[in-house]
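Undergrad: generate coordinates for the sequence data below:
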Amino acid sequence: EGLPTTETLLPARLKSAGYTTGWIGKWHLGAAPQFVPQQRGFMETFGFIGGGHRYRDWNVNPAVEYFVPLERNGQPIEASGHLTTVLGSEAAAFVRKHTGKPWFLYLAFNAPHNPHEPTDERLARFAAIKDPLRRKYAAQISLMDDAIGETLAAVRTSRQDERTLVFFFSDNGGPPAPISGADNAPLRGAKGSVYEGGIRVPFLIAWPGQVAAGVTDHRPVSAIDVFATALGAAGAAMPTDRPYDSVDLLPFLVGKNSGAPHWRLFWRSGAQWAIREGDWKLVRMRGKPDELYNLAQDVGEEHDLARAQSAVAARHP
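TA: Below you'll find the predicted structure:
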């Protein structure tokens, strides 16, 4: 299984536009040779192929997903230290290495995904948290925060911050208890769900001198918008071989476009589907009646309005 090779990914588009492209961290888009990062447009790579990994003191076993070796440019390497810290240091080194040249870096942390293996020092910082699972979760997030901080510090100290567009977001909401110490309240649901607790995540954008800092924008967007936004920032044309759902967010963030980037947004997870149109959201699960929620009034999705607002529910295919 892997992301179909019929798809041309963002790094390949940016590589063609003259960018040095790098991947660091987790790769969960296919482990077969045709799916690995080097075949999808990444010129420099460092990380592990799989959906998760141990963080500390792992014995390498290429046949077991969480114990696979770290790779640099496709070749296994030995590494020591906490994995999250190692990834941050690699990212900072990539930034410093390419000072003065256009580059694109995809930094994909596996933290705070389980297994929970923070350092003893970091765990001690959160001794006030009584729940031991949540304490480990907070400690792992803290390690990730520092790794991100090291990467962004490299951007600033190399004086590249005003020409660097940064995105930060999570891939999904926190897993349900007792898998982790995550808490998605007041949102309903968790990772794997199409309720807001599974799909609504922090999405931050920074570009000093271009995008105003400290501003909250409530218009719904999606991680798919990174594609068009990055191409727009790079001055690269959007491909025209097919319709694309991705939207360039920069005109909306700088006030050139005043509307909503998306008329509708869609999600699917297994036999679950969701459609959002403005404040309305329809949830569909195989074998169950459709559910309808008004997120402006009910972000926790507690009050199903499918019957009371049947005309609204009927608008959704």
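
Undergrad: CA atoms for contacts and neighbours, from now on please.
TA: Fine.

Undergrad: so for the longest strand anywhere in the chain, what's the average pLDDT?
TA: Longest strand in the chain by number of residues (criterion: DSSP state E): strand 20-27. Mean per-residue pLDDT for strand 20-27: 98.

Undergrad: give me the angle between whichever helix or strand comes after it and strand 20-27.
TA: Later in the chain than strand 20-27, the nearest helix or strand by DSSP states H and E is strand 44-49. Strand 44-49 and strand 20-27 are oriented at 10 degrees to each other (axes from the mean of the first three to the mean of the last three Cα atoms, to 10 degrees).

Undergrad: can you pull out the helices in the stretch 151-300 of the chain?
TA: Using DSSP state H, counting those that start in this stretch, the helices of the stretch 151-300 of the chain run over 196-199, 225-234, 250-253.

Undergrad: what's the closest of those helices to residue 134?
TA: Between residue 134 and the helices of the stretch 151-300 of the chain, the shortest gap by Cα to Cα is with helix 196-199, which sits at 17.3 Å.

Undergrad: and that closest one, C-alpha only, in PDB?
TA: Output of helix 196-199 as PDB, limited to C-alpha atoms (Å, rounded to 0.1, in the frame of the first residue of the first chain):
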ATOM      1  CA  GLU A 196     -14.600  17.600  15.100                       C
ATOM      2  CA  GLY A 197     -12.400  15.800  17.700                       C
ATOM      3  CA  GLY A 198     -10.900  13.800  14.900                       C
ATOM      4  CA  ILE A 199     -10.500  16.400  12.200                       C
END
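
Undergrad: so what's the gap between it and the chain middle?
TA: Taking Cα atoms, centre = their mean, to the nearest Å, one finds the center of helix 196-199 at 14 Å from the center of the full chain.

Undergrad: other SSEs contacting that helix?
TA: Using 3 or more Cα pairs under 8 Å, 6 or more residues apart in numbering; DSSP states H and E as the contact test, no helix or strand touches helix 196-199.

Undergrad: any idea of the mean pLDDT in it?
TA: Average pLDDT, helix 196-199: 97.

Undergrad: before we move on, back to that, residue 293: which of the helices of the stretch 151-300 of the chain is closest?
TA: Here helix 196-199 is closest among the helices of the stretch 151-300 of the chain (Cα to Cα), at 10.7 Å.

Undergrad: reformat the helices of the stretch 151-300 of the chain as TSV; add mean neighbour count and distance to residue 22.
TA: Shown next, in TSV, are the helices of the stretch 151-300 of the chain (neighbours: other Cα atoms under 10 Å; distance: least, Cα to Cα, whole Å):
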stretch	mean neighbour count	distance to residue 22
helix 196-199	24	27
helix 225-234	19	14
helix 250-253	16	23
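
Undergrad: which of those sits closest to residue 267?
TA: Once those are compared by Cα to Cα, helix 196-199 is nearest, at 8.2 Å.

Undergrad: low-confidence ranges, the protein, go.
TA: Judged against pLDDT under 70, the low-scoring parts of the chain cover residues 316-317.

Undergrad: all the strands of it, residue numbers only.
TA: For the chain, the strands defined by DSSP E occupy 20-27, 44-49, 70-72, 75-77, 103-108, 166-169, 203-206, 265-269, 272-277, 280-285, 291-294.

Undergrad: and the contacts of the fourth one?
TA: The one in question is strand 75-77. For strand 75-77, the external contacting residues (Cα atoms under 8 Å, 6 or more residues apart in numbering) are 69-71.

Undergrad: now render those as JSON lines, adding distance to residue 90 and neighbour count.
TA: Shown next, in JSON lines, are those (distance: Cα to Cα, whole Å; neighbours: other Cα atoms under 10 Å):
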{"residue": "69", "distance to residue 90": "16", "neighbour count": "23"}
{"residue": "70", "distance to residue 90": "12", "neighbour count": "22"}
{"residue": "71", "distance to residue 90": "12", "neighbour count": "18"}
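
Undergrad: ok, and the closest non-adjacent residue to residue 129?
TA: The shortest distance from residue 129 to any non-neighbouring residue, by Cα to Cα, 6 or more residues apart in numbering, is to residue 135 (5.4 Å).

Undergrad: how about the helices of the stretch 151-300 of the chain in TSV, adding distance to residue 16?
TA: TSV is the format used below for the helices of the stretch 151-300 of the chain (distance: least, Cα to Cα, whole Å):
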stretch	distance to residue 16
helix 196-199	32
helix 225-234	11
helix 250-253	22
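
Undergrad: of all those helices, which one is nearest residue 92?
TA: The nearest among these, by Cα to Cα, is helix 225-234 at 20.1 Å.

Undergrad: okay, the angle between the closest one and strand 103-108?
TA: Relative orientation of helix 225-234 and strand 103-108, computed by the same axes, to 10 degrees: 160 degrees.
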